[in-house]
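Chemist: Provided below for reference: sequence and predicted model.
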6 protein chains.
Amino acid sequence: MPDIVSEFNDYRSKMNDTILADNNKVIKRIFNLDTNAYAEGALDVKTKELLGLVASTVLRCDDCIKYHMETCYKQGIPKEQVVEALSIATLVGGTIVIPHLRRAYEFWDALEQQR
Amino acid sequence: MPDIVSEFNDYRSKMNDTILADNNKVIKRIFNLDTNAYAEGALDVKTKELLGLVASTVLRCDDCIKYHMETCYKQGIPKEQVVEALSIATLVGGTIVIPHLRRAYEFWDALEQQR
Amino acid sequence: MPDIVSEFNDYRSKMNDTILADNNKVIKRIFNLDTNAYAEGALDVKTKELLGLVASTVLRCDDCIKYHMETCYKQGIPKEQVVEALSIATLVGGTIVIPHLRRAYEFWDALEQQR
Amino acid sequence: MPDIVSEFNDYRSKMNDTILADNNKVIKRIFNLDTNAYAEGALDVKTKELLGLVASTVLRCDDCIKYHMETCYKQGIPKEQVVEALSIATLVGGTIVIPHLRRAYEFWDALEQQR
Amino acid sequence: MPDIVSEFNDYRSKMNDTILADNNKVIKRIFNLDTNAYAEGALDVKTKELLGLVASTVLRCDDCIKYHMETCYKQGIPKEQVVEALSIATLVGGTIVIPHLRRAYEFWDALEQQR
Amino acid sequence: MPDIVSEFNDYRSKMNDTILADNNKVIKRIFNLDTNAYAEGALDVKTKELLGLVASTVLRCDDCIKYHMETCYKQGIPKEQVVEALSIATLVGGTIVIPHLRRAYEFWDALEQQR
């Protein structure tokens, strides 16, 4: 069985290294901001991860959905809350979001099986 | 030869079952609406399927395109009409739609070969 | 009372003249295609206008919606059919489409009052 | 001084009445879902409103942003939390979001002045 | 005659001040990056401004188009080159871009008249 | 090792033939325009290819990115310039562009290795 979680993470991690090694300042700072923006602040980390997940879902970016699902999972956010966030994204973004919902559910199952 | 039609339908059907079994009310109602909206009304089913196809194409959702192409095919809409709908979508949505047009043509061919 | 129909048409027509007078070949051909694509073909003009309306609505372009609503109106497409097309667009595109739906209804009313 | 808050709400409320009076079932159910989806569930109302705000912002819908900002404001969510949500939306959605950020700040100020 | 150039710049400048005064770190850094990214580098400033203009146009952001048109104008980029950039954006982004093209032409004329 | 460059080009070329053989006039003219728009004019070919690349990247179309990357590569545009164009696209389009940036870097490496 192909492990879609590590497949995603390996490619992501390998290509992030390639991009950062290339040393374009604007891109490096965007990567850097991407880490800072989700850190604890006026909002806690869990809420921020759900915000990132919903943003990724309505913009229909499978890789971004996977990334935030995994962080949600690691933060211990219950599936029910993740699914409610996805339901808002599906309502706001329309039925065009449904194919991404299918892959999101599949990825969450893979995260749970990976334990 | 991999059968792209049944590959698409099997995954779609399996994951829809998973999603619906999860029992989130908002998502279930959106799925339900998705069935009702394309039923005969002031507009006939064929016109509605073409509307769904064009919406899916300008929003560049391959899975949604495949779904509506198959329904168009089953409704007996001639290829020429489907292609005219796609041509409007390509004009409105721009050349960015062309890669989806390639996969749409491939899928239609697979639908015809499947008979 | 400001007439939103002629306000839209006057600006559109004035700026189209400016653009076409500028003589950029690519832009002129796209304008030209825009006329041809909606002409009678394998699909009739009414169906094509509804396709253009749905494409414009899911892509959330108010001016494009207004243009196609007026053409639908002039083609004698009943309001019930136009609204069914808009309902499909709202379902596919999500609640994010609703503000455009408000302006679409307002424009249709203005078209009817204009008679 | 034009009051952008009541201007928005009056138009929104007037046109929602017009749309709902038109009795299209699909549209009415989407409106209905839009109310249910943000009700207390596995996630609380405040979190859901922030999710709706971020979805609206990355999809760049000014009216949807205004609607969720007002609900956030009425729910007593502090400005700092609303701004953090907007900052995530700006990072995910890019600088293309900035013009909407300007109008969001202006609307929040109007909400505060309205008291 | 309302001056659409200074109207745009005044609002933009006033709200940017409001946003920056609010001191959200992520937003401030994105604003900062926005300045750095268009500075002379491997590509010259003129090419970068045209890239910014095309990105803004295919993403259909009127305010972003105005901003980059003004910078293009101040950099002395000839109208013919600006229009060729816009023609590529219209082809890639589709006829949905045309309403933004109208406003872009109007804004360029206003920039020329302002001298 | 699968060659992602020829895999992309073979499929693209095969399906373009299928589409053009189908003889829909609107689609054929759009394909035709797609060739003309990038030809030398007021802007040189290299600048136009970078414009096409940035448009493709902010609209998040992997196949369009690949196509323009290959043309950039064949035109001898240095990697540093291509990356600066991509950095502007990532800033304008947001972190949602990053997964496409990964695949863009991978494709550029494949283009270089192919020599």
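Modeler: On my side now, so go ahead.
Chemist: got the contact list for the residue nearest to the spatial centre of chain A?
Modeler: With distances taken as C-alpha atoms, centre = their mean, A:H68 lies nearest the centre of chain A, 2.1 Å away. Contacts for A:H68 were tallied using C-beta atoms under 8 Å, 6 or more residues apart in numbering or on different chains; they are A:E49, A:G52, A:L53, A:S56. The way it works is simple: take the backbone N, C-alpha and C, and place the C-beta from them, glycine included.
Chemist: Out of these, which is nearest to chain C?
Modeler: Distance to chain C across those (C-beta to the nearest C-beta) is lowest for A:S56, with 15.0 Å.
Chemist: That closest one: which element?
Modeler: For A:S56, the element it lies in under DSSP states H and E is helix A:45-58.
Chemist: That helix and chain B in contact?
Modeler: No - applying C-beta under 8 Å from any C-beta of the partner chain, one finds that helix A:45-58 is not in contact with chain B, the shortest distance being 11.9 Å.
Chemist: Could you look up the next helix or strand downstream of that helix?
Modeler: With DSSP H and E, the next secondary element past helix A:45-58 is helix A:62-74.
Chemist: what does the average pLDDT come to for that next one?
Modeler: The average of the pLDDT scores along helix A:62-74 is 98.
Chemist: got the angle for that helix vs helix A:45-58?
Modeler: Helix A:62-74 and helix A:45-58 meet at an angle of 160 degrees, taking axes from the mean of the first three to the mean of the last three C-alpha atoms, to 10 degrees as the criterion.
Chemist: For helix A:62-74, what is the distance to the chain centroid?
Modeler: Mean C-alpha position of helix A:62-74 versus that of the full chain (C-alpha atoms, centre = their mean, to the nearest Å) differs by 3 Å.
Chemist: List the buried residues for that helix?
Modeler: A:D62, A:D63, A:C64, A:I65, A:K66, A:Y67, A:H68, A:M69, A:E70, A:T71, A:C72, A:Y73 (16 or more other C-beta atoms under 10 Å in any protein chain shown).
Chemist: Output those residues as a markdown table; include the columns distance to D:F107.
Modeler: A markdown table is the format used below for these (distance: C-beta to C-beta, whole Å):
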| residue | distance to D:F107 |
| --- | --- |
| A:D62 | 32 |
| A:D63 | 33 |
| A:C64 | 27 |
| A:I65 | 29 |
| A:K66 | 34 |
| A:Y67 | 31 |
| A:H68 | 27 |
| A:M69 | 32 |
| A:E70 | 34 |
| A:T71 | 31 |
| A:C72 | 30 |
| A:Y73 | 35 |
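Chemist: Show me what from chain A comes close to chain D.
Modeler: For chain A, the residues in contact with chain D under the definition C-beta under 8 Å from any C-beta are A:30, A:33-34, A:37-38, A:41-43, A:47-48, A:50-52, A:54-56, A:58-59, A:64, A:78, A:80-81, A:83-85, A:87-89, A:91-93.
Chemist: correct me, but A:V97 touches A:T57?
Modeler: Yes - the pair A:V97 and A:T57 qualifies as a contact (C-beta atoms under 8 Å) at a distance of 6.1 Å.
Chemist: Between those two, which is the more surrounded one?
Modeler: The neighbour count for A:V97 versus A:T57, taken as other C-beta atoms under 10 Å in any protein chain shown, is higher for A:T57 (29 against 26).
Chemist: got a list of what the residue nearest to that one when sequence neighbours are not counted touches?
Modeler: Taking C-beta to C-beta, 6 or more residues apart in numbering or on different chains as the measure, A:T57 lies nearest to A:A89, with 3.6 Å between them; neighbours along the chain are not counted. Contact analysis of A:A89 by C-beta under 8 Å, 6+ apart lists A:L53, A:V54, A:T57, A:V58, A:V97, D:L51, D:A55.
Chemist: Mind doing that once more with 10 Å?
Modeler: A:A89 makes contact with A:53-60, A:65, A:97, A:100-101, A:104, C:94, D:37, D:51-52, D:54-55, according to C-beta atoms under 10 Å, 6 or more residues apart in numbering or on different chains.
Chemist: got it, and A:V58?
Modeler: A:88-94, A:96-97, A:100, C:94, C:96, D:51, D:54-59, D:92-93.
Chemist: Check A:L33 too.
Modeler: D:S87, D:T90, D:L91, E:K25, E:V26, E:I27, E:R29, E:I30, E:L33, F:T95.
Chemist: try A:D3
Modeler: Residues in contact with A:D3, defined by C-beta under 10 Å, 6+ apart, are A:N9, A:D10, A:A110, A:Q113, A:Q114.
Chemist: A:V5 is in contact with the fourth one, correct?
Modeler: Yes - using C-beta atoms under 10 Å as the test, A:Q113 is close enough to A:V5 to be in contact (8.7 Å).
Chemist: any idea which element the residue lying closest to A:I4 once chain neighbours are set aside lies in?
Modeler: Nearest residue to A:I4 in three dimensions, chain neighbours excluded: A:A110, at 5.0 Å (C-beta to C-beta, 6+ apart). Element membership of A:A110 [criterion: DSSP H and E] is helix A:98-114.
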